[in-house]
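Student: Got a predicted model here, sequence first, then my questions.
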Amino acid sequence: MQQTNWYTIVFAAIMCLVVAAGLAGMKDYLAPQQKANELLFTKTQILQSVMPVDASTDVEAIFNENVKGFVLDNKGNIKEESTEKALQVNIIKENKKKDDDKQLPLFVFTNTEGAKNYILPTVGGGLWGWISSYVALDDQVTEIVGIRFDHETETPGLGANIKDDPNFYLDFVGEKIMDASGNLQAVTVKKGNGDPLNTDKADYEVDAISGATITGDGVTVMLKDDLEDYLPYFTKIKS
Amino acid sequence: MAEVLEQEVKVKAPAEPLFSKKNRRLITDPLNDNNPITVQVLGICSALAVTVSMKNAFIMTLAVIFVITLSNLIVSLIRNAIPSRIRLIVQLVVIATLVTIVSEVLKAYAFTSYKELSVYIGLIITNCIVMGRLEAFAMGNKPWASILDGIGNGLGYGAILIIVAFFREFFGKGSLFGKQILGDWYEPNGLLVLPVSALFVVGALIWIHRAWRKNLVDIS
């Protein structure tokens, strides 16, 4: 049956309206729950970078107790001293802004013995979409104590392993990011670095994932670029 | 008014029972002789991807059954109104809408699974099984038959997914549904965790299936 052009156009228009209205209504209804999930996920990632977290961990309580958040600018000044504000910063949007306009969230984790860790978010580009991480540094800001990655659409089993494979992200633990003269070296994800077991913690390198070269290179660039943004602040607190 | 209705009913052929032999075949056929994966070899991409763990395979199965059944129903209901020139677009809109619903609901109520599956939930849209059923079945059949056809194909797809996931998770990680089953003595086979291994398992399943059902073997 061949319909008239008008019938086809009207049918398509009505279909679009119905579908759009339906989806918009649903999104409105689900949005608060989704936001809460994302917030909890962020808090979990921040805690995971400094301590083991499993299903029984009360993420919310530990986070509120031990983590303080700040928002910095790229000159190293504290703009806001509020954990809530720091969590609200959309790191993916901030990453696209010019350096001078960037809001940089920073989290400080203080454990029961009073030792401090600095945890900062990083954002970069993977193969298909954005990649991000929460990286925890020791109180001297010389080495990584833990890191957790997230990604938008990296290939499961390959690039997505930056988030899912402990063999990858645990390799970063203990890696030095500063050289002896205090310059930022960050950490390079490297193919065939001759140290697959990662015994040398001062070579600024971790072993790459086979089949995920572009994601790995993305991690390298992301760490270098985003750690750099925080250097002014760290220089300030050290002096 | 009531009289008119009664007359109409009399003219109609006696209604088919809901689970007549023909309708039952709509569900059982895709499980065996017309299986979307092992016989039609459709939906392989997602079968490779989400079968690393039983849990992911299970959620993917539920999501596909939901999408394929509802889209079959919706397209079947409006099949006579769909302008033939844009029917593929209409089918795609129906599928995409349902997939978006699945994705958003998972994001709100099963966030961990959403994080693990998000790419593949989106890819249901391009899963050729779903479009295939809409074009081949729902466009020409009544709603109830279309629902059964959707459930049948979803189950046939899911059954293979879960069998493949069983082998990959059990031998690749020594666990099932994330619970460690095999002890420390078992050295996990890392190859099975990689997507390639799904090809081996699916290939083996196709082989076994055809060795069992001789009528599936092409004689050319």
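Tutor: Great, that's in hand. Only a predicted model underlies this, so the values are computations on that prediction, with no experimental measurement involved.

Student: quick one: low-confidence parts of chain B?
Tutor: B:1-15, B:118, B:219-220 (pLDDT under 70).

Student: For it, which residues are neighbours of chain A?
Tutor: Residues of chain B found near chain A (C-beta under 8 Å from any C-beta of the partner chain) are B:49-50, B:52, B:81-86, B:89-90, B:93, B:97, B:100-101, B:104-105, B:107-109, B:111, B:115-116, B:118-120, B:193-195. For the C-beta atoms, the positions are set from N, CA and C on the backbone; glycine is no exception.

Student: List the contacts of stretch B:41-57.
Tutor: Stretch B:41-57 is contacted from outside by A:156-157, B:36-37, B:60, B:113, B:116-117, B:119-120, B:123-124, B:127-129, B:132, B:157-158, B:160-162, B:164-166, B:168-169, B:172-173, B:176-178, B:193, B:195-196, B:198-199, B:201-202, B:206, using C-beta atoms under 8 Å, 6 or more residues apart in numbering or on different chains.

Student: Flag every buried residue along that stretch.
Tutor: By 16 or more other C-beta atoms under 10 Å in any protein chain shown, the buried positions in stretch B:41-57 come out as B:42-43, B:46-57.

Student: Stretch B:136-148 now?
Tutor: Result for stretch B:136-148 [16+ other C-beta under 10 Å]: buried residues B:137-139, B:141, B:143, B:145-148.

Student: I figured residue B:174 hits residue B:180, correct?
Tutor: Yes - at 6.3 Å, residue B:174 and residue B:180 qualify as touching, with contact defined as C-beta atoms under 8 Å.

Student: Who has more neighbours out of those two?
Tutor: Taking other C-beta atoms under 10 Å in any protein chain shown, residue B:174 and residue B:180 do not tie; residue B:174 has more neighbours (17 against 11).

Student: Residue numbers of chain A in contact with chain B?
Tutor: So far as C-beta under 8 Å from any C-beta goes, chain A lies against chain B at A:1-3, A:7-8, A:11-12, A:15-16, A:19, A:22-23, A:26-27, A:30, A:33-34, A:37-38, A:40-41, A:153, A:155-157, A:164.

Student: Which ones among these map onto helices?
Tutor: Secondary structure from DSSP state H places A:7-8, A:11-12, A:15-16, A:19, A:22-23, A:26-27, A:30, A:33-34, A:37-38, A:40-41, A:164 of those in helices.

Student: Show me where chain B has its strands.
Tutor: B:175-176, B:179-180 (DSSP state E).

Student: deepest of these, which one?
Tutor: strand B:175-176 (a mean of 16; mean count of other C-beta atoms under 10 Å in any protein chain shown).

Student: Listing partners with orientation, what would you give for that one?
Tutor: Its sheet considered, strand B:175-176 pairs with strand B:179-180 (antiparallel) by DSSP bridges.

Student: how far is the partner strand from where the chain is centred?
Tutor: For strand B:179-180, the gap between its own C-alpha mean and the chain's C-alpha mean amounts to 27 Å (C-alpha atoms, centre = their mean, to the nearest Å).

Student: So what touches it?
Tutor: residue B:174.

Student: what's the answer for stretch A:49-63, then?
Tutor: The contact list for stretch A:49-63 (C-beta under 8 Å, 6+ apart) reads A:40, A:43-44, A:46-47, A:109, A:111, A:117, A:119, A:134-136, A:145-148.

Student: mind listing what's buried in it?
Tutor: A:49-50, A:53, A:59, A:63.

Student: Could you count how many residues lie near residue 200?
Tutor: All of this is about chain A. 13.

Student: Let me rephrase: I mean chain B.
Tutor: 14.

Student: roughly how far apart are it and chain A?
Tutor: 15 Å (C-beta to the nearest C-beta, to the nearest Å).

Student: Enumerate every residue touching residue 160.
Tutor: Defaulting to chain A. Here residue A:160 is in contact with A:151, A:154 (C-beta under 8 Å, 6+ apart).

Student: Not quite, go with chain B.
Tutor: B:35-38, B:47, B:202, B:205.

Student: Would you mind measuring from it to chain A?
Tutor: For residue B:160, the distance to chain A - C-beta to the nearest C-beta - is 19 Å.

Student: picking up where we left off before, as a markdown table, the buried residues of stretch A:49-63 with pLDDT and secondary structure would be great.
Tutor: Output for the buried residues of stretch A:49-63, formatted as a markdown table (pLDDT from 0 to 100; DSSP: H, G, I helix; E, B strand; the rest coil):
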| residue | pLDDT | secondary structure |
| --- | --- | --- |
| A:49 | 90 | coil |
| A:50 | 89 | coil |
| A:53 | 86 | coil |
| A:59 | 88 | helix |
| A:63 | 90 | helix |
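
Student: Out of the residues you listed, flag the one nearest to residue A:225.
Tutor: residue A:49 (18.5 Å; C-beta to C-beta).

Student: Could I get the phi/psi values of that closest one?
Tutor: Phi and psi for residue A:49, reported as degrees, to the nearest 10, are phi -70, psi -20.

Student: Share the number of residues neighbouring residue A:178, please.
Tutor: The burial count for residue A:178: 19, using other C-beta under 10 Å.

Student: quick one: the spatially most central residue of chain B from residue B:101, how far?
Tutor: Against the mean C-alpha coordinate of chain B, by C-alpha atoms, centre = their mean, the closest residue is residue B:154 at 2.6 Å. Using C-beta to C-beta, to the nearest Å, residue B:154 is found at 16 Å from residue B:101.

Student: sorry, back to before: for PyMOL, write the selection for the buried entries among the ones in helices among the residues of chain A next to chain B.
Tutor: Applying 16+ other C-beta under 10 Å to those leaves a buried subset, and the PyMOL line that selects it is:
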select buried, chain A and resi 8+11+15+26+30+34+37+41+164
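
Student: Cool, thanks, talk later.
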